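**Student:** Turn this into a model:
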Amino acid sequence: MRAGAIVIAGLILSSQAVAQPAAAPPATADHLKPLAFLADACWEGPLPDGTVDVHCYRWFMRGAYLRERHEVRGTQPPHGGECTFYWDHDAKAIRYVYWTNTGGMATGTMVPDGDGLRFSDERYVDANGEQRFRGTYTRVDADRYRMRTEVQDTSGAWIPMFDVTYLRKPINWGP
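**Tutor:** Predicted structure coming up:
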């Protein structure tokens, strides 16, 4: 008898949940608004080696975080990763953590800079050691942004790595 009551209560709660209106779209955290132009879209850009760099962004946790899935199409084995942008309350800055499918991990800070975003202190670590990167995303228009990336060599000099223009595509988040 008790199990039957639990099932009936569950059915009532389920029917009430189904009858509720759809949830409102995520309320983007004010601190992450500089990243909003990236959200709910994929962005594709050609790399110098002929591969295609794809970044897809979407909000999660009701807009408190921005998640990015990254894939370089045309590499064998496939290269990619996932990144989470978040507001670091202690540092009072937008921080990110990026994990690669090859076991590497990067951390850094993103700072709004005029019409773009500046990434000045990325630290990437994998089985081969540590590398330092910096770069900028500059909006060209509503459907394009330009990414410039530099890597620090062993002498401490900054060497240009990529200068790619990305084009907005429909979101294709996948599984």
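
**Student:** Can you list the buried residues in the host helix or strand of Gly45?
**Tutor:** Per DSSP states H and E: Gly45 is located in strand 41-46. Across strand 41-46, burial judged by 16 or more other CB atoms under 10 Å covers 41-45. Yep, even glycine has a C-beta here, placed from its N, CA and C like the rest.

**Student:** Tell me where the model's unsure across this protein.
**Tutor:** Within the chain, the stretches with pLDDT under 70 are 1-28, 174-175.

**Student:** if you set the cut-off to 50 instead, what comes out?
**Tutor:** Along the chain, the model assigns pLDDT under 50 to residues 1-25.

**Student:** in it, which spans are strands?
**Tutor:** 41-46, 52-60, 65-73, 79-88, 93-100, 105-113, 116-126, 129-141, 144-152, 158-169 (DSSP state E).

**Student:** Throw those into a markdown table and include distance to Ala29, thanks.
**Tutor:** Formatted as a markdown table, the strands of the chain follow (distance: least, CB to CB, whole Å):
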| stretch | distance to Ala29 |
| --- | --- |
| strand 41-46 | 19 |
| strand 52-60 | 9 |
| strand 65-73 | 8 |
| strand 79-88 | 6 |
| strand 93-100 | 10 |
| strand 105-113 | 14 |
| strand 116-126 | 16 |
| strand 129-141 | 19 |
| strand 144-152 | 21 |
| strand 158-169 | 22 |
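
**Student:** among those, which is nearest His31?
**Tutor:** strand 79-88 (4.0 Å; CB to CB).

**Student:** Which of the buried residues of strand 41-46 lies at the shortest distance from Glu82?
**Tutor:** For those, the residue nearest Glu82 by CB to CB is Cys42; the value is 13.8 Å.

**Student:** Let me know whether that closest one touches Arg58 as I believe.
**Tutor:** No. Taking contacts as CB atoms under 8 Å, Cys42 lies outside contact range of Arg58: 9.6 Å.

**Student:** Now list whatever residues contact both of those two.
**Tutor:** Residues touching both Cys42 and Arg58 by CB atoms under 8 Å, 6 or more residues apart in numbering: Ile171.

**Student:** Export the strand holding Gly45 to PDB, keeping only CA atoms.
**Tutor:** The C-alpha trace of strand 41-46 is given here as PDB (Å, rounded to 0.1, in the frame of the first residue of the first chain):
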ATOM      1  CA  ALA A  41      27.000  29.600 -31.500                       C
ATOM      2  CA  CYS A  42      29.900  27.700 -33.000                       C
ATOM      3  CA  TRP A  43      32.800  29.600 -34.600                       C
ATOM      4  CA  GLU A  44      35.000  28.200 -37.300                       C
ATOM      5  CA  GLY A  45      38.300  29.400 -38.600                       C
ATOM      6  CA  PRO A  46      41.000  28.000 -41.000                       C
END
